[in-house]
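Engineer: need the 3D shape of this:
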Amino acid sequence: MNESDFDKNTTFGVIGICGANGNLIARILKDRGFNVIGTDMSSEEDCMFLKSLEGYDIEVFHGEHPIEFFKKSDYIIPPPSLPKSAKVFDIIKEEDIPILEIYDILDIFLPNKPAFGITGTNGKTTSTTLLKKIIKDSGIKPVEHNLVNMQGNAGFIPPLQARLNGDVAILEVGTFGVPGTIKRMVDAAHLSSGLITNITPDHLDELGGFMGYAKVKSEFIQSLNGKQIIVNANDPTIMGFIRDLDFNGEVITFSVDETPASVSKKECVCGEMIDLKEIISGSGYYFCKCGLTNPQTDYVATNIDLKNKTFDLHTPEGKLEVKMMLNGLHNVFNVTGVIIAAHEFFKLPFNQILESVATFSGVEGRMEKVTTIDGKDVIVDFAHNPAGVKTVLGEFKKIFGDFTTVITVSSESGKEGDLQIFNSVLELSKYVVPASASSQKIASDLINENPELKEKILLDHVDSFVKKGTLGATYEEVRDGIKTALTIDCDKIIAVGEAATKFKSCVDELR
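Structural biologist: Numbering: from 1, shown residues only. Below is the predicted model of the structure:
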């Protein structure tokens, strides 16, 4: 079955239209000229993504699944989460209506535009947002999922997004650490090319260690085999997979030439531990006994001036002088990868790309200054895994010197990840305010072992270390953490973690 088998008068009934998948499917079908109606048990007021359906002329039944909905539908599309024992399936059977599952939608209604994907442990959102800006500035329309407050980089969202109206698809590809999910997304989105920013530790609890997680990320490389891929060659994990997976497509490499900040250990794909002279966390200069080492790259960033936010980019076509508004060495990596993607895949001229880069102020929640209170700047950053926190705070220290860090993180890598995050914060910050339950527990243990740390770690008495809610810290915990940081004689405060960015409005109570 393919799209041409359906008459344009066909009416598709979408159950769960207030959910992300149902919303996107309904819009895809309307974009292609079909009739669509929807139903959802949510009320109109509680329909989370209702705004993105505005202008689509879709009849929606709220709070029930009325028989009228089934009578009007030629095909029914249920959400994948709906159990087959649900009453609606009895009605569908009684009315003898054909069912299309979400995989049928992906197989029948194919993308009709070039698709580019961006993955990595850190830097995905900044890179994706910048690339979209460059494309928009060039008069090209990228598809947008328009799901408010939804990052939309996992599950079925990226491949469904690729089927919406637009000239090109630029998709952020993430993972919850489940093997097979990235391969499914890349294949279903029909990506022609992609960018890998880095692979650093994350989701370690679910996958039994770093290499288990890294292998999930390597599915991106496997699925693009024979196509084009743009990679950070300072990351030994990425280059190890490029070699060991026998990638036979076009590999475009880039690197950053900068003095290493530290030396760390990172597991090689061969199983050996290698000494990594880090430029940023997880990326730098490396050599392994298996022969893996830094290659000569196609693009190289040099002469980096973080104060003035400039660098030179050596390309196969000559040297470029890059000016950016973003802070930090990690953003030199992000910007470099995006410049390459815009030029190599979208074929845009460098001068046009550089104009867009120079006016990109960043992504909300990434080194975002929220306010100034009593002369103290309050900044939030989404960094929530060990490498992300270490990189962001390392760059923050280079730029601003002394600062206080409020930790709102509960790591997806469990206790090991929480400890790595805390140790990085302790090393790089002048003062530490643990706001999440996990960071408070670590702080309490460290202070018990070394009471002198009380001068650096500001830990109020806590009766229990119980995580509340789904994030690392609650609104109240973020607010109280920043409030405590404001009492310290330090004029830069950075709150790290997803909770910090989500609850940043708490500063309104502190002014």
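Engineer: can you list the domains in this protein?
Structural biologist: Per automatic domain parsing, the structural domains of the chain span 3-104, 115-358, 368-509.
Engineer: and these as TSV, adding mean pLDDT and mean neighbour count?
Structural biologist: (Glycine included, C-beta is placed from N, CA and C.) Formatted as TSV, the domains of the chain follow (pLDDT from 0 to 100; neighbours: other C-beta atoms under 10 Å):
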stretch	mean pLDDT	mean neighbour count
domain 3-104	95	16
domain 115-358	93	20
domain 368-509	88	20
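Engineer: all helices for the stretch 401-511 of the chain, in order.
Structural biologist: Ranges of helices in the stretch 401-511 of the chain, per DSSP state H, counting those that start in this stretch, are 414-428, 437-449, 475-485, 498-502.
Engineer: now do the strands in the stretch 201-350 of the chain.
Structural biologist: Using DSSP state E, counting those that start in this stretch, the strands of the stretch 201-350 of the chain run over residues 228-232, 250-256, 262-267, 273-280, 283-285, 299-305, 310-315, 318-323.
Engineer: residues in contact with the third one?
Structural biologist: Which is strand 262-267. Residues outside strand 262-267 that contact it (C-beta atoms under 8 Å, 6 or more residues apart in numbering) are 210-211, 236-237, 273-278, 281-282, 286.
Engineer: can I get the CA coordinates of that strand in CSV?
Structural biologist: Below are the C-alpha coordinates for strand 262-267, written out as CSV (Å, rounded to 0.1, in the frame of the first residue of the first chain):
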residue,chain,number,x,y,z
SER,A,262,43.5,18.2,31.1
VAL,A,263,44.2,14.5,30.6
SER,A,264,41.5,11.9,31.2
LYS,A,265,40.8,8.2,30.5
LYS,A,266,38.3,7.2,27.8
GLU,A,267,37.5,3.7,26.8
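Engineer: name the nearest residue to residue 374, ignoring sequence neighbours.
Structural biologist: Spatial nearest neighbour of residue 374, chain neighbours left out: residue 486 (6.8 Å); criterion: C-beta to C-beta, 6 or more residues apart in numbering.
Engineer: any idea how far the one you found is from residue 509?
Structural biologist: As for residue 486, its distance to residue 509 is 11 Å (criterion: C-beta to C-beta, to the nearest Å).
Engineer: what of residue 414?
Structural biologist: Residue 414 is 32 Å from residue 509, by C-beta to C-beta.
Engineer: other residues contacting whichever helix or strand residue 188 is part of?
Structural biologist: Using DSSP states H and E, residue 188 sits within helix 181-189. Counting by C-beta under 8 Å, 6+ apart, helix 181-189 makes contact with 106, 111, 115, 117, 119, 154-156, 158-159, 161-162, 169, 171, 173, 175, 194, 216-217, 219-220, 222-224, all of which sit outside it.
Engineer: of those residues, which belong to helices?
Structural biologist: Members of the contacts of helix 181-189 lying in helices (criterion: DSSP state H): 106, 158-159, 161, 216-217, 219-220, 222-223.
Engineer: so who does residue 341 touch?
Structural biologist: Counting by C-beta under 8 Å, 6+ apart, residue 341 touches 116, 118, 131, 193, 195, 230.
Engineer: now, which of these sits nearest residue 329?
Structural biologist: residue 195 (17.9 Å; C-beta to C-beta).
Engineer: wait, what's in contact with that closest one?
Structural biologist: Counting by C-beta under 8 Å, 6+ apart, residue 195 has contacts 116-120, 127, 229-231, 337-338, 340-341.
Engineer: equivalent analysis for residue 250, please.
Structural biologist: When contacts are counted by C-beta under 8 Å, 6+ apart, residue 250 is found next to 227-229.
Engineer: surely residue 389 and residue 422 touch.
Structural biologist: No. Residue 389 is not in contact with residue 422 according to C-beta atoms under 8 Å; the separation is 9.2 Å.
Engineer: helix/strand/coil for residue 394?
Structural biologist: helix (DSSP: H, G, I helix; E, B strand; the rest coil).
Engineer: how about residue 126?
Structural biologist: Three-state call for residue 126 (three-state DSSP): helix.
Engineer: before we move on, what about the one 10 residues further on?
Structural biologist: Under the three-state scheme (three-state DSSP), the conformation of residue 136 reads as helix.
Engineer: was I right about it contacting residue 142?
Structural biologist: Yes. Using C-beta under 8 Å, residue 136 is in contact with residue 142, at 6.8 Å.
Engineer: distance of residue 11 from residue 64?
Structural biologist: Counting by C-beta to C-beta - residue 11 and residue 64 are separated by 19 Å.
Engineer: likewise for residue 497?
Structural biologist: For residue 497, the distance to residue 64 (C-beta to C-beta) stands at 39 Å.
Engineer: go on, residue 254?
Structural biologist: Counting by C-beta to C-beta - residue 254 and residue 64 are separated by 54 Å.
Engineer: and what of residue 49?
Structural biologist: Taking C-beta to C-beta as the measure, residue 49 falls 19 Å from residue 64.
Engineer: who are the contact partners of residue 307?
Structural biologist: By C-beta under 8 Å, 6+ apart, residue 307 lies in contact with residue 399.
Engineer: excluding sequence neighbours, find me the nearest residue to residue 478.
Structural biologist: residue 503 (4.3 Å).
Engineer: isn't that neighbour right next to residue 480, touching?
Structural biologist: No. Counting by C-beta under 8 Å, residue 503 does not reach residue 480; the two are 11.0 Å apart.
Engineer: surely residue 346 meets residue 132?
Structural biologist: No. With contact defined as C-beta under 8 Å, residue 346 does not reach residue 132; the gap is 11.0 Å.
Engineer: would you turn the strands of the stretch 201-350 of the chain into JSON lines with distance to residue 181?
Structural biologist: Shown next, in JSON lines, are the strands of the stretch 201-350 of the chain (distance: least, C-beta to C-beta, whole Å):
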{"stretch": "strand 228-232", "distance to residue 181": "18"}
{"stretch": "strand 250-256", "distance to residue 181": "23"}
{"stretch": "strand 262-267", "distance to residue 181": "22"}
{"stretch": "strand 273-280", "distance to residue 181": "26"}
{"stretch": "strand 283-285", "distance to residue 181": "24"}
{"stretch": "strand 299-305", "distance to residue 181": "30"}
{"stretch": "strand 310-315", "distance to residue 181": "33"}
{"stretch": "strand 318-323", "distance to residue 181": "34"}
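Engineer: separation between residue 125 and residue 504?
Structural biologist: The value you get for residue 125 to residue 504, if C-beta to C-beta is used, is 16 Å.
Engineer: ok, now residue 353?
Structural biologist: 31 Å.
Engineer: over to residue 337?
Structural biologist: In terms of C-beta to C-beta, residue 337 sits 27 Å off from residue 504.
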